[in-house]
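Colleague: Everything below, folded, please.
(one chain, ligands or ions: 1)
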Amino acid sequence: MKTKVDFSKEKITDHLDRIRGLGDACMYFIHGQTKGILVDTAYGVGDLKGYIESFWDKPYDVVITHGHADHANGIDQWDEVYMNHHDKNLLSAKTDIALRRAMLKRSVPDIDDYPDSLFQMGFHGRFHELEDGMVFDLGQCHVQAIYAPGHTQGMMTLLIEEDRIMLFGDACGVFTFLFKPESSSVAVYADALKHLKSYEDRYDRVLRQHGTCESDKSILDENLQVAQEILNGSDDHIPFEYMGEQHWLAKAIDEKTMTRKDGKNGNIVYASHKI
Ligand SMILES: [Zn+2]
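Modeller: Model prediction:
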């Protein structure tokens, strides 16, 4: 049996580190001269708070991009967190340990060696609303929250202004999932992408939280183009099974590499009743 979870960090810029714990979803720590922000708490396994405070002794806020089980489950280690209110109910439905073990099994084959006692449980603290346009002043480093519903109805992205970095989280990627009950329609998502696009001259790099965790800026235009094709019925509309459920993939992929056949990157998985 394991007795603890190991965390690690990787420097991305002078203001940003990528944090990894157990599982495939990474976290970020943004730091200015006076304050920090922990972005997401992943699956909530292990002492993330102890790890953060082993290298950061100034104040910091905890900001959750969206309420999914692989991003928000560690928050009970803190008394206060920022998250958009649309995802609050979602979060309470996703703390089940068996569900988290099943999700983690794909990237952590020995997850059964980690006892239940290492899993953080439901949140007992206080939520602060994370809303569109909010700016966190970290001291010579400013972080703006931008609302981007689609993947979930409370999905938020973060612009690190001085570093010209956009944290898209799960909002816009190579396989943007829009098929879940908590997802917005494709039409709402297309509008959210247009809103994100209005910030396009303020960043050069796009970071995400799964897979390669980084994309070219063109990922936004590609997702918008794909969303518009779904809306006008001209996408490739390929059957796509995910955890036993049948959905649709908008653009054809090479099954071996899981990348688009036409060489572009943005792609969307959607449900017929949510267009
Ligand atoms: Zn998600």
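Colleague: average pLDDT across stretch 9-26?
Modeller: Average pLDDT, stretch 9-26: 97.
Colleague: Could you export that stretch as PDB, CA atoms only?
Modeller: Presented in PDB, the C-alpha positions along stretch 9-26 are these (Å, rounded to 0.1, in the frame of the first residue of the first chain):
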ATOM      1  CA  LYS A   9       6.400  20.900 -10.800                       C
ATOM      2  CA  GLU A  10       7.800  22.100 -14.100                       C
ATOM      3  CA  LYS A  11       8.600  25.700 -14.800                       C
ATOM      4  CA  ILE A  12       6.700  27.100 -17.800                       C
ATOM      5  CA  THR A  13       7.500  30.900 -17.400                       C
ATOM      6  CA  ASP A  14       8.700  33.200 -14.600                       C
ATOM      7  CA  HIS A  15       5.100  33.400 -13.400                       C
ATOM      8  CA  LEU A  16       3.900  29.900 -14.100                       C
ATOM      9  CA  ASP A  17       4.600  26.300 -13.100                       C
ATOM     10  CA  ARG A  18       2.800  23.200 -14.200                       C
ATOM     11  CA  ILE A  19       2.000  20.900 -11.200                       C
ATOM     12  CA  ARG A  20       1.400  17.100 -11.600                       C
ATOM     13  CA  GLY A  21       0.100  14.700  -9.100                       C
ATOM     14  CA  LEU A  22      -1.800  11.400  -9.600                       C
ATOM     15  CA  GLY A  23      -3.500  11.000 -13.000                       C
ATOM     16  CA  ASP A  24      -3.600  12.700 -16.400                       C
ATOM     17  CA  ALA A  25      -5.000  16.100 -15.500                       C
ATOM     18  CA  CYS A  26      -2.300  18.700 -14.700                       C
END
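Colleague: Tell me if that stretch is near the ion.
Modeller: No - if you take CB under 5 Å from the ion as the test, stretch 9-26 misses the ion, and the best it gets is 8.0 Å. Heads up, the C-betas are built off the backbone N, CA and C, glycines and all.
Colleague: cool, and stretch 91-104?
Modeller: No - using CB under 5 Å from the ion, we find that stretch 91-104 stays clear of the ion, coming within 9.9 Å at best.
Colleague: ok, and for that stretch, which residues are buried?
Modeller: The neighbour-count check on stretch 91-104 (16 or more other CB atoms under 10 Å) flags Leu91, Lys94, Thr95, Arg100, Arg101, Met103, Leu104 as buried.
Colleague: how far does it stretch from start to finish?
Modeller: Start-to-end span of stretch 91-104 (CA to CA, to the nearest Å) is 17 Å.
Colleague: got the contact list for it?
Modeller: Contact with stretch 91-104 is made by 22-23, 43-45, 67-70, 72-73, 75, 83, 111-112, 116, 119, 121-123, as judged by CB atoms under 8 Å, 6 or more residues apart in numbering.
Colleague: out of those, which are inside helices?
Modeller: Counted as lying in helices by DSSP state H, out of the contacts of stretch 91-104, are Ala69, Asp70, Ala72.
Colleague: Out of the residues you listed, show me where the pLDDT dips lowest.
Modeller: Within the ones in helices among the contacts of stretch 91-104, lowest confidence goes to Ala69 (91).
Colleague: How about that residue, nearest residue that isn't a chain neighbour?
Modeller: The spatially closest residue to Ala69, leaving aside those adjacent along the chain, is Lys94, at 3.8 Å (CB to CB, 6 or more residues apart in numbering).
Colleague: Relative to Ile75, how far out is the one you found?
Modeller: Note on Lys94: its distance to Ile75, by CB to CB, to the nearest Å, is 11 Å.
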